[in-house]
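Chemist: generate a structure from the sequence data that follows.
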Amino acid sequence: MTQIAFIGGGNMATSIIGGLIREDAVNPDLIHVSDPGEEQRQRLEADFKVHTHAENLDAIANATVVILAVKPQMMKEVLAPLAATLTARQPLLISVAAGISLPTLQAWSGCKAVVRAMPNTPALTGTGATGLFASDEVSLDQRNLADTLIGATGIAVWVKTEAEIDAVTALSGSGPAYYFLMMESMIAAGIKLGLSEDTARRLTLQTALGAGKMASASEVAPDELRRRVTSPGGTTEQAIATFEGAHLRDIVQAAMDAAARRAAELSDELGN
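Modeler: The predicted structure follows:
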């Protein structure tokens, strides 16, 4: 049986554990979590009936999968005392920390089979979008296992090159903040047009939810969905024309280029 160890019991680990148990994908008795916070350990035990540990080495003792859910800046320090055990056991290592490259993770951990995962915050609600990239040593069975584990938080998509993880970071990793900014702007505009803050907020959030669900459920591409609600000479056409006149597409491209560049820079900085 596959025993899974989580190093770090914070939000991302909690979202994955919650998804696995919600989908009945893994027996809670096979999940071990290490976290320095006693309150967090007690919460995980109470909520999910998993095993918790104060020491990382205790969590990974018999693990066939180790999920690294710690801050990127802490990764080297966390892996150093685990390297001997990881090298000897060679579990599948999955990192959800941004900016740490596969070669760096392999060097610090001693593991050969390593998967980088770039999740996003909606994983906390089971609606996440995660990009995955695997080292050559990851077997088909291990890829399928990673699919199951990470897919418990939403969707998981494999990319072909590690460089694409930077693009994933710029698109879905940072993407929720782009939509939140749009929501902020729409709420503020609605208030200026005379709506109450509560009304503007509720209508904005429901519109965002509805648009997302409609696009996800439809076989029609977003550009066609946009055209279908943009009547000639109508109100939507005027709004879209304003967006286009302000070069919204160029702004989005520039923003994502900046995010991707920063992701690459962080990889270089954190790997040194």
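
Chemist: buried residues in stretch 22-36, which are they?
Modeler: Judged by neighbour count (16 or more other CB atoms under 10 Å), stretch 22-36 contains these buried residues: 26, 30-35. For every residue, glycine as well, the C-beta is placed using N, CA and C.

Chemist: residues contacting stretch 136-154, please?
Modeler: Defining contact as CB atoms under 8 Å, 6 or more residues apart in numbering, one finds that stretch 136-154 is touched by 2, 4, 15-16, 18-20, 22-23, 25-26, 65, 67, 92, 94, 112-115, 117, 119, 122-124, 126-130, 132, 134, 156, 158.

Chemist: apologies, that question was intended for stretch 93-103.
Modeler: With CB under 8 Å, 6+ apart, stretch 93-103 has contacts from 12, 16, 65-72, 75, 86, 105, 109, 111, 113-119, 133, 135, 146, 149-150, 162, 169, 173, 263, 266-267, 269-271.

Chemist: pull it out as CSV, backbone CA atoms only.
Modeler: In CSV, the C-alpha atoms belonging to stretch 93-103 read as follows (Å, rounded to 0.1, in the frame of the first residue of the first chain):
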residue,chain,number,x,y,z
LEU,A,93,9.1,13.2,-4.3
ILE,A,94,6.5,15.8,-5.2
SER,A,95,7.3,19.5,-4.5
VAL,A,96,4.5,22.1,-4.5
ALA,A,97,7.0,24.8,-3.7
ALA,A,98,7.5,27.5,-6.4
GLY,A,99,10.9,28.2,-7.8
ILE,A,100,12.9,25.1,-6.9
SER,A,101,14.1,23.3,-10.0
LEU,A,102,14.1,19.5,-10.5
PRO,A,103,17.9,19.3,-10.6
